[in-house]
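the sequence isn't on hand, but the structure is:
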């Protein structure tokens, strides 16, 4: 036993060291995307021109959903968006993209439910438990996107919070920001590495390198955290589901922060639903907690940016938080609205269990075909 412990301790130390390095790499990557986008676009006016096709908020929404469905990680997409906002991407484009990322991230657990397709009863339970996440996020966007377009509620509220945290005073938290000095030299190395290219080409290269770094770091970080914490996450999941909505939402958020992936958190639940251990109604609050927990990555990414750009980056990260918190409070808080995602998911699961082609059509159509066609048509 002692020999096992001697071997396991260095292994655990190495794992947590790798986790710390990957967190640092995410920060460096976001700084690289931000710096590269500034260089490539020539400032905020150039950024508006680059994303002129997405000035329609619905197109920006679809862009966020499609990008997230393709990479299967809202954490990756939101981290890239934070970097782009710091580089000049307008908030009016970024906010719908953030909402779209919430929709796109639900594909992973829906795909996991397909694994139960051989048994009609299991598949119906699993498909309902997975698509309740889809319908909740679609319903949240249907409520909050029009409000955002008309009144800018999330942007104004989040901007006020960001200003409160960063502010103009000498004693604001930016005076104590130790992240930028740690990140700046590494970003400088990337910039020097592409300096043989001309200005805009070097900027594009930095954006591409930064996105590749984010993809690698977030994916590997999720795997390492899952390896290090998934046992504890499962224990927490089993202990919380079925013990009321507050316990479910809280534990869903905590588990997602632990494993840095809402896809992992929600996917853990699907086999339990398929086997009949928990119902869709019991799993529902845990899913909502995962929505809130996944926002930690964008907040972490925003800490790598300082100055006016840092305040805007923090604003869009807080929009992600507030959107999910307000959606849970409104939709789950009101009994009439709370039932809508459950009923929609259960009805779709009935149809999908009877007709497997319809289930596959829903996944491909909702996440890839429809967003892709609309974006190509608008473009």
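It's in. Just so you know, these numbers come straight off a predicted model, no measurement behind them.

what ranges do the helices span in the stretch 1-150 of the chain?
Per DSSP state H, counting those that start in this stretch, the stretch 1-150 of the chain carries helices over the ranges 2-41, 44-50, 57-71, 74-86, 91-104, 107-114, 120-151.

next, format those helices as CSV and append mean neighbour count and mean pLDDT.
No exception for glycine: its C-beta is placed from N, CA and C like everyone else's. Formatted as CSV, the helices of the stretch 1-150 of the chain follow (neighbours: other CB atoms under 10 Å; pLDDT from 0 to 100):
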stretch, mean neighbour count, mean pLDDT
helix 2-41, 17, 74
helix 44-50, 15, 50
helix 57-71, 23, 85
helix 74-86, 30, 86
helix 91-104, 26, 92
helix 107-114, 22, 84
helix 120-151, 21, 94
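
where does the stretch 101-250 of the chain dip in pLDDT?
Residue ranges of the stretch 101-250 of the chain with pLDDT under 70: 167-180, 222, 225-226, 228-242.

cutoff 90 now
Residues of the stretch 101-250 of the chain that meet the criterion pLDDT under 90 lie in 104-119, 122, 163-188, 190-191, 194-204, 206-208, 210-248, 250.

what does the helix or strand hosting residue 343 contact?
Take DSSP states H and E as the rule and residue 343 turns out to sit in helix 335-354. Applying CB atoms under 8 Å, 6 or more residues apart in numbering, the contact partners of helix 335-354 are 120-121, 123-125, 127-129, 131-132, 134-136, 139, 280-281, 284, 330-332, 358-359, 362.

can you tell me which of the helices of the stretch 1-150 of the chain comes nearest to residue 181?
Residue 181 lies closest, by CB to CB, to one member of these: helix 2-41, at 11.5 Å.

so what does the closest one touch, helix or strand wise?
If you count contacts as 3 or more CB pairs under 8 Å, 6 or more residues apart in numbering; DSSP states H and E, helix 2-41 packs onto helix 44-50, helix 74-86, helix 179-193, helix 199-240, helix 296-302.

highest mean neighbour count out of those?
Using mean count of other CB atoms under 10 Å, the stretch among those with the largest mean neighbour count is helix 74-86, at a mean of 30.

just checking, what packs against that one?
Secondary-structure packing of helix 74-86 (3+ CB pairs under 8 Å, 6+ apart): helix 2-41, helix 57-71, helix 91-104, helix 199-240, helix 262-274, helix 296-302, helix 307-327.

residues touching the residue nearest the centre of the chain, list them.
The centroid of the chain falls nearest to residue 74 when counting by CA atoms, centre = their mean (2.8 Å). Contact analysis of residue 74 by CB under 8 Å, 6+ apart lists 68, 101, 102, 104, 105, 262, 263, 294.

excluding chain neighbours, what is closest to the fourth one?
The shortest distance from residue 104 to any non-neighbouring residue, by CB to CB, 6 or more residues apart in numbering, is to residue 68 (2.7 Å).

ok, the one you found touching residue 105?
Yes. Contact criterion CB atoms under 8 Å: residue 68 and residue 105 qualify, at 5.3 Å.

re the thing from before, can you say which of the helices and strands packed on helix 74-86 is nearest to residue 153?
Among those, the nearest to residue 153 by CB to CB is helix 307-327 (8.5 Å).

just the angle for that closest one relative to helix 74-86, thanks.
Here the directions of helix 307-327 and helix 74-86 differ by 140 degrees (axes from the mean of the first three to the mean of the last three CA atoms, to 10 degrees).

run the angle between helix 307-327 and helix 2-41 for me.
120 degrees.

buried residues, helix 307-327. List them.
Within helix 307-327, the residues that count as buried by 16 or more other CB atoms under 10 Å are 309-324, 326-327.
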